[in-house]
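Visitor: following is a predicted model, sequence given first.
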Amino acid sequence: MKLDHSLSLFSFIYLVILPLISAQACQRTCGKLPINYPFGTGPFCGDPRFQQYVSCNQDKLTLTTQTGRYPVTKIDYANQAIYISDPSMSTCACTQPSKGFGLDWDAPFSFHDDNVFTLLDCSTTASPIFRSNNFDGNNSPTVPLCDRQGTPICSFLYSCTAISMLNLPISTCCVYTPVDLGPSFELDLQKLKCSSYSGFYSFSGQEANPENGQYGITLKYKFNVFNNYPSLCANCEMSNGACGYAEVYNAFVCNCPSGLNTTTDCYFGVSWNDGKRLLPWHRGTLILSLVWFVFRMIL
Ligand SMILES: *[C@@H]1O[C@H](CO)[C@@H](O)[C@H](O)[C@H]1NC(C)=O
């Protein structure tokens, strides 16, 4: 009897719960990261503007830009910021050559004010960042690109074992602060004639103490020009759906846990395209299994 019960429970889970879970095309998590609008885990999930840049592969959320692929380590939905790491970045423990980091000009991201980029091992004679010390051809002063207030960060990095072994003069370090870190901003180390870089965020006002910073890059994003969360999507997510879009006109789609797509939410959704075919099957299995389960319990 006992075995029968656990067997039917097992079949219930296997036949009903599992197909329901695996049927949702747009996942609501990627690894441990919760995925909400505007992000999505695959094609036609989330917002079409973000989908081509952020996607989930083998439980890892990745940002792709012209300079490479970067693991997303955290998403701060309340403050509309994503945190990424760059495997080519130098840290206190490891210094390595890097080409730098850049966003695509049309990417829906911009740099967060919290970012502090430190350029390492720059050519003091050839790097354009140091030319601000001179006057250019027109005899007008150029804007300084290295922040002198950032010296403690340079001292910190250059005293780390990995970097101190290279015996570089501190004058080859630059805490890079161009005026505008907009979407087209690019940390092109080849152009800047530096061999590597470090990125920190969240010093929380204690830049003099670089140990308080975390390695990585923070990017901001906006939902749209008015930066409001689409209410259709909010309702969809509230009903355990994941927001997506249709191939045609990028129309809003709510991808429900059952695998159904609706144009509203997963409570009273109107079935959409293939949904009509999926619905009776799932419902049929559910009812059959329930009947069987109850029947077994009574016996
Ligand atoms: C539902 O929408 C998602 C994402 O938009 C898509 O991948 C999936 O194929 C759709 N499923 C059906 C049954 O139409």
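Guide: Noted; the coordinates are in hand.
Visitor: in contact with the spatially most central residue of the chain, which residues?
Guide: The centroid of the chain falls nearest to residue 72 when counting by C-alpha atoms, centre = their mean (4.0 Å). Residues in contact with residue 72, defined by C-beta atoms under 8 Å, 6 or more residues apart in numbering, are 33, 54, 61, 62, 63, 82, 83, 84. Heads up, the C-betas are built off the backbone N, CA and C, glycines and all.
Visitor: next one: residue 161
Guide: 92, 93.
Visitor: distance of it from residue 243?
Guide: Distance of residue 161 to residue 243, computed by C-beta to C-beta, to the nearest Å: 47 Å.
Visitor: where in the stretch 101-250 of the chain is pLDDT low?
Guide: Low-confidence segments of the stretch 101-250 of the chain (pLDDT under 70): 132-143, 179-184, 204-209.
Visitor: what parts of it come near the ligand?
Guide: Neighbours of the ligand within the stretch 101-250 of the chain, by C-beta under 6 Å from any ligand atom: residue 244.
Visitor: most proximal residue of the stretch 51-200 of the chain with respect to the ligand?
Guide: Ranking the residues of the stretch 51-200 of the chain by distance to the ligand (C-beta to the nearest ligand atom) places residue 51 first, at 9.9 Å.
Visitor: for that residue, grab phi and psi.
Guide: Backbone dihedrals for residue 51, given as degrees, to the nearest 10, come out at phi -60, psi -40.
Visitor: by neighbours, which of the contacts of residue 72 wins?
Guide: Top of the contacts of residue 72 by neighbour number is residue 54, holding 27 neighbours under the definition other C-beta atoms under 10 Å.
Visitor: report the beta-bridge partner residues of it.
Guide: Here residue 54 shows beta-bridge partners residue 63, assigned using DSSP bridges.
Visitor: I'd guess residue 83 is in a strand, am I close?
Guide: Yes: under DSSP: H, G, I helix; E, B strand; the rest coil, residue 83 sits within a strand.
Visitor: residue 38 in helix, strand or coil?
Guide: With three-state DSSP as the criterion, residue 38 reads coil.
Visitor: verify the stated contact: it with residue 49.
Guide: Yes: between residue 38 and residue 49 there is a contact at 7.1 Å, judged by C-beta atoms under 8 Å.
Visitor: what touches both of the two?
Guide: Both residue 38 and residue 49 are in contact with residue 108, where contact means C-beta under 8 Å, 6+ apart.
Visitor: neighbour count winner among those two?
Guide: Set residue 38 next to residue 49 and count neighbours by other C-beta under 10 Å: residue 38 wins out with 22 against 17.
Visitor: need phi/psi at that one.
Guide: Dihedral angles of residue 38 (phi, psi; degrees, to the nearest 10) stand at phi -90, psi 10.
Visitor: could you measure it against the ligand, distance?
Guide: Noted for residue 38: a distance of 14 Å to the ligand, by C-beta to the nearest ligand atom, to the nearest Å.
Visitor: which residues does residue 38 contact?
Guide: 46, 47, 49, 50, 108, 221, 223.
Visitor: what about 7 Å?
Guide: Neighbouring residues of residue 38 by C-beta atoms under 7 Å, 6 or more residues apart in numbering: 46, 47, 50, 221, 223.
Visitor: now swap in residue 234 and tell me
Guide: Residues near residue 234 by C-beta under 7 Å, 6+ apart: none.
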